[in-house]
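Asker: Starting from these lines, generate the structure:
(one chain, ligands or ions: 1)
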Amino acid sequence: MEKVKVAVIGGSGIYEIEGAQIINELSLDTPWGKPSDSIVIAKIDEALVAFLPRHGKGHFILPHEVNSRANIAALKMIGVEEILAFSAVGSLKDEIKPLDFILPYQVIDRTKNRPSTFFGDGVAAHVAFADPFCARLHELIIPVAKANGLKLHTKETVICMEGPAFSTRAESHMYRSWGAGIINMSTLPEAKLAKEAEICYSIICMSTDYDCWKEDEEHVTVEMLISNLNKNADNAKNLIKSLLPYMGKERTCGCKDAIKSSILTAPQKQNPGQKKKLKKIFPDYF
Ligand SMILES: [Zn+2]
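Answerer: Alright, predicted model coming up:
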């Protein structure tokens, strides 16, 4: 199978990249099940990229139903080292306006009951997650996004909530009091699993509207929301095309060794069945 180092995970509104030359379409299976859809290997200009729509092509998987372990495992198995993930978000701050882009630096986990680790079942590991997103990718993304004319907010915190219902007004005010800038349903456990899998991961968020705290806002119609989703998707696709020439190079960040020294269970005590699963994505460690 062809090794591809860079992947894009598309969120709401991004189900394919038009104009890309499709090289292959992989229907993969992993020890954790099947990914959200087949993975499209495409060439954009000279850059090779793996594309996976998080919600499936046609959007049939809700955020809490996404099999993130299978998605990240499948990307790892084809050799991916860097992920650009995209997500539509609601804004918790006045200054983060609809159609703005946000590169969050931190995340607060408000999900429930989503499998969030490859480990357990007889093999213990605790990955460091103090800095959930790859700082090296941020340094690549910021100047390119600005050159593309995007209004980009950095140093923000994203709240990842369970959904599928949106927040109550009380919750929305509480998240604002925590200092968070945006809210979505898709950053986790995706980012945690990418970290465990030693893949550089960055989530690029696109604001569609204000979360329900903002009561003076004119009523957001479904048409407005869809229109914003589509405009954001166009901007995201242009950003991807501009970013790819800078990606897939040798990695100088710590992501490539994130789990190496975090596996606690002595080799002779490791559950053989679990070891066999883990070997699929960590051939060097098991
Ligand atoms: Zn990294």
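Asker: Remind me what the longest helix along the chain packs against, helices and strands.
Answerer: Using DSSP state H, we find that the single longest helix of the chain is helix 222-243. On a contact count with 3 or more Cβ pairs under 8 Å, 6 or more residues apart in numbering; DSSP states H and E, helix 222-243 meets strand 82-91, strand 101-110, helix 135-147, strand 200-210. The C-beta positions use only the backbone N, C-alpha and C, and glycine is treated the same way.
Asker: Can you mark which positions in the third one are buried?
Answerer: By neighbour count on 16 or more other Cβ atoms under 10 Å, the buried set for helix 135-147 is 136, 137, 138, 140, 141, 144, 145.
Asker: From the ion, how far off is the fifth one?
Answerer: Put plainly, it is residue 141. 12 Å (Cβ to the ion, to the nearest Å).
Asker: ditto for the first one
Answerer: As judged by Cβ to the ion, residue 136 and the ion stand 5 Å apart.
Asker: If I look at the residue nearest to that residue when sequence neighbours are not counted, what pLDDT would I see?
Answerer: Nearest non-adjacent residue to residue 136, counting by Cβ to Cβ, 6 or more residues apart in numbering: residue 253, 4.0 Å away. The model reports residue 253 with a pLDDT of 97.
Asker: Phi and psi next, for residue 253.
Answerer: Dihedral angles of residue 253 (phi, psi; degrees, to the nearest 10) stand at phi -90, psi 180.
Asker: again with residue 169
Answerer: Dihedral angles (degrees, to the nearest 10) for residue 169: phi -60, psi -40.
Asker: That one contacts residue 213, doesn't it?
Answerer: Yes: if you go by Cβ atoms under 8 Å, residue 169 and residue 213 touch, sitting 6.5 Å apart.
Asker: how far does the longest helix of the chain sit from the chain's center?
Answerer: Relative to its chain's centre, helix 222-243 lies at 16 Å (Cα atoms, centre = their mean, to the nearest Å).
Asker: Tell me the buried residues in the helix or strand following it?
Answerer: Remark: after helix 222-243, the chain's next helix or strand is helix 272-281, criterion DSSP states H and E. For helix 272-281, the neighbour count (16+ other Cβ under 10 Å) marks 274, 275, 277, 278, 280, 281 as buried.
Asker: quick one: contacts for the closest residue to residue 230 other than its chain neighbours?
Answerer: Excluding the flanking residues, the one nearest residue 230 by Cβ to Cβ, 6+ apart is residue 13, at 6.2 Å. Residues in contact with residue 13 (Cβ atoms under 8 Å, 6 or more residues apart in numbering) are 88, 206, 229, 230, 232, 233, 236.
Asker: On the three-state scheme, residue 13 is what?
Answerer: coil (DSSP: H, G, I helix; E, B strand; the rest coil).
Asker: picking that back up, neighbour count winner among residue 169 and residue 213?
Answerer: Applying other Cβ atoms under 10 Å to residue 169 and residue 213 shows that residue 213 carries more neighbours, namely 20 against 12.
Asker: ok so the more buried one is a strand residue?
Answerer: No: counting by three-state DSSP, residue 213 falls outside a strand, being coil.
Asker: Tell me where the stretch 101-250 of the chain is predicted with low confidence.
Answerer: 217-219 (pLDDT under 70).
Asker: What parts of it come near the ion?
Answerer: 134, 136, 200 (Cβ under 5 Å from the ion).
Asker: Distance check, the second one against residue 222.
Answerer: Yep, that's residue 136 we're talking about. Counting by Cβ to Cβ, to the nearest Å, the gap from residue 136 to residue 222 is 39 Å.
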